[in-house]
Each structure stands twice: as C-alpha cells, then as structure tokens.
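A.B. asks: structure for the following, please:
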Amino acid sequence: MEKLLTIVVPAYNVEKYIKNCLDSFIDLSVLRSLEILIVDDGSTDSTASLAHTYEQKYPYSFKVLSKENGGHGSTINYAILRATGKYFKVVDGDDWLDKSLLPQFVQLLKHTHSDVISNDFNLVDDRSKKVTKRRKAVSNSYHYNREWGFAEAVMDPLITIHSMTIRTDVLQKNDIRVDEHCFYEDQEYILYPIPYCTSITFSPLPLYQYRLGRSGQSVDIKMMIKRHDQHLKVLNALFEYNNVHGNLQTYKKQYLERGIAEAVDDEYQIFLAKGNDSRNVEQMKKFDEMLREEHPGVYQACSRKSVWMLRKTGFKIFPMAAWVYSRLRGNGFHE
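C.D. replies: This is a model prediction of the structure:
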C-alpha cells in the first residue's frame, strides 16, 4: 500500500518517553497509510529494543533504523533519503501526536496537494502533563483550511518544525540537508525548503504535542549558552543560504528573512543571558553591526522589543536589560 505520510521519530536515549510517542500513532483506521521511521541515533539505553516491539507487531507501518550517533539533524537527513510517504513529518521521540485527531489529519492529506501543511500545536508541561498553550498556525482564522501562497503566509506566524508537514519530494528532489552533530538545526529544516515551495494549507488541528520543561532541553537558556557556538554555526549557515537565494520572489524572501530573524532574536537572548560583561557587550555590538551591514533584511525583520530598545540606546541599557533578563529567567521566563 502506498504510504500517505512518513513520520520520522528522531530517538536518542528516550526510553522513558518512546512508548507514549509511538502509541500516539496507532489508530488502526489509518495506520496502514503511515510509514513510521524510528531513527535510533546510537542510543545506549533501551530505546531501540522498545521500538523494535512496535516494528514486530506492526511491520507494515513501523520500521526501526539504527545508526551511529550524529545528532538530531543527522536523523532527519537519514530519514529523508529513505522516506516513501507522500508527506513527511518529524515527531521527536519525547513528544507525541493527539491520536484522536490523526484520522482527520490523514483525510486532510488525502485531499490536498499543498507543498506544506501547517497545524496548530500544543505546548505541554512535562510535570503536570497539562496543555499550557496552544500555538496557532495563523493570525487570522480565515486562513484555515484554504490553500495560500507566500504573499499570505508571510503575514502569518512562521511555520515551526512542530507545525510543519511537507511534501517528501520537495525534500528529496532539492537535496535538502541540515547540519549534523549540532543543535538548533530545526531552523534550517523549516527554512531550506522555502525556495522550492509555492503553496501552504493551514489547519486548526492541534496535532503535535510538544513537551516543555524537561531537564536539558536545547531550548533551555542555560543549554543555549553552553551551546552558543552551535547556535552561531546554524546562524552562519542560514546567512549563507539567504545570500545564495538573493533573487527569490519578494514574499518568499521576506518569509526567509523573518525565519532567520527568529534565530537572530535568540542570539540576542543568549548575549543577555550571559550577563553584563564588557567583552560580551562588545561581541553583541559587533554582531549587531555585522547584521545591519551584511544582512539588512534580517536586521529589519528582528521583532523582539528588547532588541530594538538595545539598538535605540546604542546598547547603553545593556547592564539593566541583562539584570532584568536574569530576574525573569529566574522565574522561568524565556522570550
């Protein structure tokens, strides 16, 4: 049976979560339409053996692919080469889908030819298991359940890795690959296909359940400070990609630069989180000057008020901003 959707599960030492993740795909009314590739990224716990039990029980849908550790990006690259479904979606091994919505989502995929589908998704607290926020795919509900081009999409929230489902042939035919042995490559994954996409359908179904609050997550600001060099590596790759695609259609160019600007905004947060150190301030100012001169579209697309306040004051309020940020961070705040 031809597969409608390939679900890729990057899995590294997630024995505590993998069962919850894989169980969320098992709706027998649609399971044969799914290809579920569990990419074991060199786990040293029982992740792979747990995944194999699903492969044995549902061999027509589940497949375990084991490889040497190469990071989250390597699992995506590995799966792109092997996917056979019409559409492609990444679901991390510690996250899951709302199984009750899966039949509706499969029906949506059957009746659309859009290059990208962007869904609402939920943020779920790891401790309480409660939904803390629903991230909407659109700012105007009129855009739901209709196909749009980038002239409309550029006005809506950026498509994230959790909201994105993309035609597999867009990834395969255009040789889309992201950085390996590196965190924060999800921004590459959601932006690199944009030059090759023309149509988007937005769906209100909050299919993806994104676990937040787990210790050691890459979005934790302490981990972002620790991995600052990796964040810069991805940013530089995005800057280069933007330069290579300088002649994109106007709306696609704006969308691409908005996406890169989100990663840039995070870069400023890392500088703030590092605190009021003169060397840190100088590095931030140098980065901002480089951005303004070499990537003006990205510079203008930065949206966080804290960044623009710093710029307007010539970074003179940095000491106060860093202090405020440290206080807010102590209360669990991260922009």
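
A.B. asks: for the rest of this, base every contact and every neighbour count on C-alpha atoms.
C.D. replies: Fine.

A.B. asks: quick one: buried residues of the biggest strand by length in the chain?
C.D. replies: Criterion DSSP state E: the longest strand present in the chain is strand 200-212. Buried residues in strand 200-212, defined by neighbour count with 16 or more other Cα atoms under 10 Å: 200-212.

A.B. asks: nearest to residue 243 among these?
C.D. replies: For the buried residues of strand 200-212, the residue nearest residue 243 by Cα to Cα is residue 200; the value is 24.0 Å.

A.B. asks: who does the closest one bridge with?
C.D. replies: residue 116, residue 148 (DSSP bridges).

A.B. asks: number of residues surrounding residue 225?
C.D. replies: 18 (other Cα atoms under 10 Å).

A.B. asks: what helices and strands are in contact with the helix or strand hosting it?
C.D. replies: Under the criterion DSSP states H and E, the helix or strand holding residue 225 is helix 221-226. When contacts are defined as 3 or more Cα pairs under 8 Å, 6 or more residues apart in numbering; DSSP states H and E, helix 221-226 sits against helix 250-274.

A.B. asks: how about residues contacting the helix it packs on?
C.D. replies: Residues from elsewhere that reach helix 250-274 (Cα atoms under 8 Å, 6 or more residues apart in numbering): 150-151, 153-154, 158, 187, 191, 194-195, 221, 224-225, 228, 231-232, 235, 238-239, 242, 246, 280-281, 284, 297-299, 301-304, 307, 318, 321-322, 325-326, 335.

A.B. asks: chain center to the helix holding residue 225, what's the gap?
C.D. replies: With Cα atoms, centre = their mean, to the nearest Å as the basis, helix 221-226 stands 17 Å off its chain's centre.

A.B. asks: ranges for the strands of the stretch 51-200 of the chain?
C.D. replies: 62-67, 87-90, 96-97, 116-125, 131-135, 147-148, 164-167, 200-212 (DSSP state E, counting those that start in this stretch).

A.B. asks: where does the chain have low pLDDT?
C.D. replies: For the chain, applying pLDDT under 70 flags the ranges 1, 214-219, 329-335.

A.B. asks: let's see it at 80
C.D. replies: For the chain, residues meeting the criterion pLDDT under 80 lie at 1, 214-221, 327-335.

A.B. asks: much appreciated, bye for now.
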